[in-house]
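Enquirer: The following block contains a protein sequence and its predicted model.
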Amino acid sequence: MSYKAFPRRNELVVGTVKRVEDHGVIVELDEYEGLEAYIPRSHVASGRIKDIRDFVKEGDKIVGRVIRANRKLGQVDLSLRYVSEEQKKRKLEEWKERVRVISLLKLAAQRAGFPDPESVAKESWMKLADYYRSPMEALEDVLYEGVDPLLKAGLNERLAKKLEEIVKVQIKPPIYIKNIVVKLVSYAHDGIERIRKALLRGLSTPKTEGVEVDIYTAGAPRYIISIRSQDPKLVRRMSTYVVKAISKELGETEVFEVVEEKEYRKRLA
């Protein structure tokens, strides 16, 4: 059972090199279970190629960009030339994350007594991927919300409960980060000092254990308030406190505006 239908043109895919031939490379697409793709010699690398094995060898894990995809004939052609190092790194990280989530789902399915754990795992991964931006983020949310994120995505309740037990043992809570970009202007004669005092007031907000707060300039009059914790609720609560503390310190000669808010998480190794 495949958990993706068929590659699309311009998509980045992960593959394992099966054969290196004089005219090109045959790879098996890891996300499409057994589907083979072809990398023409001219798309293995830029410039003149004397020996393809100088660039790829049997067993190598590659990231290629789909340049041709014919579903009817089952043919897929890839290019390695049109993939940057940053794109390759990001795609491989996504792939490793996918493999880990499916592995945890399979283990949960085994413990829950399903007769075909692998099929259950892949079907459940698809449900999580359809409902959440990242299936791994859904599992991380389980650490604070229990099975609710899994049930919302349509996972079997028995599977969800076993998965919750596994997640709490095998997954470390990430660092939740919220960055708030603010605009702060003062028209007073001592405006620089007023701004400095207001920002220090934000930094001196009584801290909850496990929460870190930094404020730094993004080029006046913009400043970034950065709050970090392993508890997302504490991050949101502290961000509200800090913004209010800064605002209360300002007078009629100051302009204070929240320009942008971004939340993301950083996974621990």
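Expert: Done, it's in.
Enquirer: what's the longest helix in this structure?
Expert: helix 85-111 (DSSP state H).
Enquirer: next structured bit after that one?
Expert: Next in sequence after helix 85-111, counting helices and strands by DSSP states H and E, comes helix 117-131.
Enquirer: Just the CA trace of that next one, in PDB.
Expert: What follows is helix 117-131, C-alpha atoms only, in PDB (Å, rounded to 0.1, in the frame of the first residue of the first chain):
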ATOM      1  CA  PRO A 117       0.400  -3.000  11.600                       C
ATOM      2  CA  GLU A 118       2.300  -1.700   8.600                       C
ATOM      3  CA  SER A 119      -0.900  -0.900   6.600                       C
ATOM      4  CA  VAL A 120      -2.500   0.600   9.600                       C
ATOM      5  CA  ALA A 121       0.600   2.800  10.200                       C
ATOM      6  CA  LYS A 122       0.700   4.100   6.700                       C
ATOM      7  CA  GLU A 123      -3.000   4.800   6.500                       C
ATOM      8  CA  SER A 124      -2.800   6.600   9.900                       C
ATOM      9  CA  TRP A 125       0.200   8.600   8.600                       C
ATOM     10  CA  MET A 126      -1.900   9.800   5.600                       C
ATOM     11  CA  LYS A 127      -4.600  10.900   8.000                       C
ATOM     12  CA  LEU A 128      -2.200  12.900  10.100                       C
ATOM     13  CA  ALA A 129      -0.600  14.400   7.000                       C
ATOM     14  CA  ASP A 130      -4.000  15.400   5.600                       C
ATOM     15  CA  TYR A 131      -5.100  17.100   8.900                       C
END
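Enquirer: Check the contact between D141 and V147; I expect there is one.
Expert: No: taking contacts as C-beta atoms under 8 Å, D141 lies outside contact range of V147: 10.3 Å. Every C-beta, even on glycine, is put in place using the N, C-alpha and C of the backbone.
Enquirer: any idea which residue sits dead centre in this structure?
Expert: The chain has S134 as the residue nearest its centroid, 6.3 Å off, counting by C-alpha atoms, centre = their mean.
Enquirer: pLDDT score assigned to the residue in the chain sticking out farthest from the centre?
Expert: For the chain, the residue at maximal distance from the C-alpha centroid (C-alpha atoms, centre = their mean) is H189, at 46.1 Å. Listed pLDDT for H189 reads 94.
Enquirer: wait, is it part of a strand?
Expert: No: applying DSSP: H, G, I helix; E, B strand; the rest coil, one finds H189 to be coil, outside a strand.
Enquirer: ok, it to E249 distance?
Expert: 17 Å (C-beta to C-beta, to the nearest Å).
Enquirer: I215 too?
Expert: Distance from I215 to E249, by C-beta to C-beta: 13 Å.
Enquirer: circling back to that earlier point, and the average pLDDT for the longest helix of the chain is what?
Expert: Mean predicted confidence for helix 85-111 is 96.
Enquirer: Now do that helix against helix 117-131: the angle between them, please.
Expert: If you take axes from the mean of the first three to the mean of the last three C-alpha atoms, to 10 degrees, helix 85-111 sits at 130 degrees to helix 117-131.
Enquirer: Show me what helix 85-111 packs onto, helices and strands only.
Expert: If you count contacts as 3 or more C-beta pairs under 8 Å, 6 or more residues apart in numbering; DSSP states H and E, helix 85-111 packs onto strand 12-20, strand 61-70, helix 117-131, helix 135-145, helix 157-170.
Enquirer: wait, which of the ones you listed is closest to L104?
Expert: Ranking those by proximity to L104 (C-beta to C-beta) places helix 157-170 first, at 5.7 Å.
Enquirer: and the angle for that closest one with helix 85-111?
Expert: Using the same axes, to 10 degrees: helix 157-170 against helix 85-111 is 120 degrees.
Enquirer: Distance from the chain centre to helix 157-170, please.
Expert: Relative to its parent chain, helix 157-170 has a centroid offset of 21 Å by C-alpha atoms, centre = their mean, to the nearest Å.
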